[in-house]
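> Kindly generate the corresponding structure for this input.
(one chain, ligands or ions: 1)
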Amino acid sequence: MLLAVLIFSHNAFAYNLFGGRWPNQPHRGCCAQLSLYYSSGLKSYDKTGWQNGQNAWNASSANIVYLTTTDTSNPIYLQDGYYNNVSWDGVTYLYPCNSCTYSTANVVMNWYFTGRYSSVGSYSTGEIQSVAAHELGHLLGLAHNNLSSCVLMNGFTDQRWVQCQIKTPQSDDANGVNALY
Ligand SMILES: [Zn+2]
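Modelled structure (predicted):
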């Protein structure tokens, strides 16, 4: 009975997976490799954020190496856009679905927030990295873990960054990736 409670409480605070993954990648060990195409229209601060987020994953214990490519037919696109009527500062669209074997993805930063146009005030370089690294976690197949504030896959920038200053994958985030790749 005690064991069951411990297992439950552990799981309750651990990473969550969408249920999908990228095909043709190893199921364990270093490393899965995914190439990112940086859209030519990226704001400079968002481009820096994506680069910092990419570097953070590559420096982590997760079994992933993010590469960059200039091939416009690359299936993974990093973009930004200005959306002043939404609550998200970043979003990841996985196709054909979150729980599928992925074929393409669009990963978007909202420069209404990152570019400091919103009422919540300035996004620092670190905060933009936090958004970028978080979205690059979704890109791998990680869902939110909102039961832990201080992990990269917490879905709220107010918790993950403002409260905890998390801008790199934590062990829970890496554990989730390493369950997939
Ligand atoms: Zn998210």
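> From now on I want contacts and neighbour counts done on CA atoms only, so please keep to that.
Noted.
> just the strands in the chain please.
Assigned by DSSP state E, the chain shows strands spanning 16-17, 32-38, 64-69, 76-81, 90-95, 104-110, 142-143.
> need those in a markdown table with mean pLDDT, can you?
A markdown table is the format used below for these (pLDDT from 0 to 100):
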| stretch | mean pLDDT |
| --- | --- |
| strand 16-17 | 96 |
| strand 32-38 | 98 |
| strand 64-69 | 98 |
| strand 76-81 | 96 |
| strand 90-95 | 98 |
| strand 104-110 | 97 |
| strand 142-143 | 98 |
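> Now render those as JSON lines, adding mean neighbour count and distance to Val177.
As requested, the strands of the chain are exported to JSON lines (neighbours: other C-alpha atoms under 10 Å; distance: least, C-alpha to C-alpha, whole Å):
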{"stretch": "strand 16-17", "mean neighbour count": "20", "distance to Val177": "9"}
{"stretch": "strand 32-38", "mean neighbour count": "19", "distance to Val177": "10"}
{"stretch": "strand 64-69", "mean neighbour count": "16", "distance to Val177": "8"}
{"stretch": "strand 76-81", "mean neighbour count": "21", "distance to Val177": "18"}
{"stretch": "strand 90-95", "mean neighbour count": "19", "distance to Val177": "16"}
{"stretch": "strand 104-110", "mean neighbour count": "21", "distance to Val177": "17"}
{"stretch": "strand 142-143", "mean neighbour count": "24", "distance to Val177": "7"}
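> Looking at the ones you listed, spot the one closest to Leu152.
Closest approach to Leu152 among these (C-alpha to C-alpha): strand 142-143, 10.1 Å.
> Could you name the helices and strands sitting against that closest one?
Packing partners of strand 142-143 (3 or more C-alpha pairs under 8 Å, 6 or more residues apart in numbering; DSSP states H and E): strand 16-17, helix 171-180.
> can you give me the offset of whichever helix or strand comes after that strand from its chain's centre?
As assigned by DSSP states H and E, the chain's next helix or strand after strand 142-143 is helix 157. Offset of helix 157 from its chain centre (C-alpha atoms, centre = their mean, to the nearest Å): 12 Å.
> Could you number the chain from 153 rather than 1 from now on?
Happy to do that; since the first residue is 153 now, the last one works out to helix 309.
> Tell me which residues are up against helix 309.
282-283 (C-alpha atoms under 8 Å, 6 or more residues apart in numbering).
> for stretch 215-227, same thing?
Here stretch 215-227 makes contact (C-alpha under 8 Å, 6+ apart) with 180-190, 206-207, 209-210, 255-257, 326, 329-330, 333.
> Distance across it, terminal residue to terminal residue?
One end of stretch 215-227 sits 20 Å from the other (C-alpha to C-alpha, to the nearest Å).
> Could you do stretch 168-183 as well?
Taking C-alpha to C-alpha as the criterion, the two ends of stretch 168-183 lie 20 Å apart.
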